[in-house]
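[1] fold the following for me, if possible:
(chains A and B)
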Amino acid sequence: MESILSTIRSFANNGISLQQFLILGGLLFLIGIYGVLTRRNLIAILMSVEIMLNAAMLNFVAISAYTDTVNINGHLFALFIVAIAAAEVAVGLAIFINVFRSKGGVLTDDLMEMKQ
Amino acid sequence: MVDLAILIPVLPALGWLIISVFSKALGSKGSAWLATTLMAISAAIAIGLFVEISSAAPNWKAEPLEKLYKLEHKAKTAEAEKPTETVTPVEGETLEPAVEPISALTEEAEKKAELLREALPSSNRALSGFPFVREWSWLSIKGEAGLPFGLYLDQTAGILVLMVSIVAFLIHLFSIGYMAGEERYPTFFAYINLFAAAMLAMVMAKNLFHVLLFWEIMGLMSYLLIGFFYKKKTAQQAMKKAFMTVRVGDLAFMAGLFWLYASFKTLDIPTILEAGASGELLRVLGVTAAGGIGLLLFIAAMGKSAQFPLHVWLADAMEGPTPVSAMIHAATMVAAGVYLVARAYPILEVGHVLPFVALIGGFTAIFAASMAPAQADAKKIMAFSTLSQLGYMFLSLGAFGYTAALFHLLTHAFFKALLFLGSGSMIHGSGTQDIFEMDRLAKYQKWTLGTVWVGALSLMGAPLFAGFWSKDEILHAVQSAGGLYWILWLMAVITAILTAFYTTRMMIIAFYKPKTASPWAAAPWNNEGEPTLNMSKAELEDQKAHDHGHHVSDHPHESGPEMIIPLVLLATMAMVMGFVGSPFANSWFQRFVYHGEFPELLPLGSAIPGFILSALLVAAGAGASYMLYGGARDHTKQIAPIWLTRLLQRRYFIDDFYYKGFVNIAEDIQVPLAWFDKNVVDRIVDGFGIVTGAIGDTLRRAQSGAVGLYAWLMVVGGAVIALAFAFAQGGNK
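    Got it, this is the predicted structure:
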């Protein structure tokens, strides 16, 4: 307990290092990949993809904040990613609704039609 | 008006664009009237432009100016003759040591000229800014000059713009009625609109490069229009023939322009004209280069204006609809060649190409005129007469008769357009092109009869008609050229007789004789196909079988008002136009298009022998024709020896020679080449396709459609690439 508190204290005192942000980003990314690979439900896959995007966004912001104190390029990228992610969700969900209407389900197994 | 001048070519070009895109929405009549209206506006602007040019140009009619030029001429000739005189050095001081002492005579003349020049009233000088120039930047890169597109509006351009736009407008008007009911009616108007636009732009262009540009557009449009009835094999052959023959000249044109640019560094027309006048052209180019360039440019003109030996396409260009023939023969196309030679005149003059021009022109004149009497097709007779008249123009250009040539170009445009549209009306009324098959048209077509007679008399050069004045000018120019030109003069005289002969023959047979079978339809040489178009008998028969539109009417009828009105207008002009260059108008035209030297104008009195001679020539030709065909005589009788008729109808076998000597050889060469292309090149290309297809077919099986699997593969692939990069980075460190 004491150790955890000291860690928190050190965070508060020293701030978080870039490395820690990157580790968090990497973890989020792997969680996203895991979700994409294992889930069958298209909506769940889309959510996983959003997690991956957030991971990338976090890395951008972190690296930008730590390495470049003058420009805010990374932050701008993050804003772009937010916008694109929103658009992606809108389009993706619209597609899923249509898939659901025509196939009666939104599982990946419902879409295996490219086989001859 | 000068600021509106750019609209003259732009409006018809716009018409082409609009009709091409919106012909469905416009409908047939809409397209036709749009094209005609735009052309009419162009013609109206052209008239205004011409008035402005003629009022801004120096007024050569003025007495003091004439004196001035006579004095300048005298000074010049005195200077030229100087080396033969014993030069007496002017005592003591000369103003500049470099200037050679000039004889007292010259000095006096120049002093007088100087005085006159200063005393010259302002109305007799060219207005400042004449010739008009308007320029727009074109192909300019980063502020460099590039190749600015400019209009150069001098007297020559003014006259040609006027002539082309008016004649083209009347042809448009005529076509509305003549082409009615044809397939692709709007397309036709789009084409002739662009054809006229290209010609108008060409005569106004300031730079020879742009002349070439519009020259080529005209070549394309003539190709499309000659082959307008593209389903007919004869039309296909004729369009190819025209395009390829003119192409020979175009190649020479380009070569000439390259050479000119390489050695003179500019293609700017005013610069060339000025350099020609100041002697700079001779200094920079030298006789050899100028001769070479001049020759190449003349070959270009030979192709476009169908001069021997590139004359073969013109008679077969009759495969196009009749208004197209009128367009090609009067307003556009063939006039372009004459225009080019007139524009490049200083180069040809410096390069001593002019005698060659005269020789080719004179030969073509008599050569083409000799073939016309053996033709049965009204349009072919007209075609040969065009060849012959163009020959006159080149003869005149070559004999230093610059003004006479332009004069004849102007009058010829009007009367030849009239004759073609008139023959169009004859064909429209009778349903045939064969003059023997036409049934006493004089009875049925009063208006056509009258107007075509005007055209015919003008073509013959009957006194007081347009062709009379200009032809007389040409004969006079050739005669006064001296030297061996008397041979060419003789040829021109014989041509005049022949012209009167075949024109009268056509008029008699078409208008006054009852319908008979064409006498040469069954002639053995006409039963071997169409040799001038390289078609076998079977191909020709095949075409005739498909050609069910051809029906000779037993009751010829007069054409409608939209065809008669242009005829009447053209006939009026064919009568009036000649007077602008006649002694009655104090040779206004010749003074207007003044070039280089002071034009030697004949007073009315001393021109009379020439006029009498011209009249006698016409009378001789027409009389001979009447003696052979007129009255109750049997006009189908074979008069000439049969071998001569064969020779003339086969056009001296020159077409056969070209087909056998060039075209067929080229076609023989292409057989193995085509085989190679089909069996080797195509196989290789096919091979790529087959291999790609096979690979694709194999790889296709990897596409299972399982999205989860794709995601796995993607992640694994991404990981592999990332690792590879990481290792590579590590390796670099």
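
[2] for residue B:268, phi and psi?
    Here the main-chain torsion angles of residue B:268 (degrees, to the nearest 10) amount to phi -70, psi 120.

[3] beta partners of it?
    With DSSP bridges applied, residue B:268 shows beta-bridge pairing to residue B:207.

[4] quick one: residue B:679 from residue B:693, how far?
    20 Å (CB to CB, to the nearest Å). For the C-beta atoms, the positions are set from N, CA and C on the backbone; glycine is no exception.

[5] got the confidence number for the spatially most central residue of chain B?
    The centre of chain B sits closest to residue B:334, judged by CA atoms, centre = their mean, with a distance of 1.8 Å. As summarised for this prediction, residue B:334 has a pLDDT of 88.

[6] who's in contact with it?
    Contacts here follow CB atoms under 8 Å, 6 or more residues apart in numbering or on different chains; on that basis residue B:334 touches B:304, B:305, B:306, B:314, B:328, B:386, B:390.

[7] ok, and the most crowded of those residues?
    The residue in those with the most neighbours, by other CB atoms under 10 Å in any protein chain shown, is residue B:390 (32 neighbours).

[8] how about that one, secondary structure?
    Secondary structure assignment for residue B:390 (DSSP: H, G, I helix; E, B strand; the rest coil): helix.

[9] check residue B:160 too.
    Of the three states, residue B:160 takes helix under three-state DSSP.

[10] tally of neighbours for the residue lying closest to it once chain neighbours are set aside?
    Using CB to CB, 6 or more residues apart in numbering or on different chains and skipping residues adjacent in sequence, the residue nearest residue B:160 is residue B:203, 4.1 Å away. Counted with other CB under 10 Å, residues neighbouring residue B:203 total 31.

[11] cool, and the one 5 residues further on?
    Other residues near residue B:208 number 23, with proximity taken as other CB under 10 Å.

[12] ok, now residue A:19?
    As a burial measure, the neighbour count of residue A:19 was computed by other CB under 10 Å and equals 10.

[13] phi, psi of it?
    With angles defined as degrees, to the nearest 10, residue A:19 sits at phi -60, psi -40.

[14] got a list of what it touches?
    Neighbour list for residue A:19: empty [criterion: CB under 8 Å, 6+ apart].

[15] check residue B:543 too.
    Residue B:543 sits next to B:232, B:233, B:234, B:535 when contact means CB under 8 Å, 6+ apart.

[16] and residue B:463, that's in a strand?
    No - residue state for residue B:463 (three-state DSSP) corresponds to coil; a strand is not indicated.

[17] where does the nearest residue to residue B:441 once chain neighbours are set aside land on pLDDT?
    Counting by CB to CB, 6+ apart, the nearest residue to residue B:441 once its immediate chain neighbours are dropped is residue B:511, at 4.8 Å. Residue-level confidence at residue B:511 comes out at 87, pLDDT.

[18] secondary structure class for residue B:511?
    Classification of residue B:511 using three-state DSSP returns helix.

[19] and it, how many neighbours does it have?
    Burial of residue B:511, expressed as a neighbour count using other CB under 10 Å, amounts to 22.

[20] residue B:518 in helix, strand or coil?
    Going by three-state DSSP: residue B:518 is coil.

[21] to clarify, my last question referred to residue B:135.
    Under the three-state scheme (three-state DSSP), the conformation of residue B:135 reads as strand.
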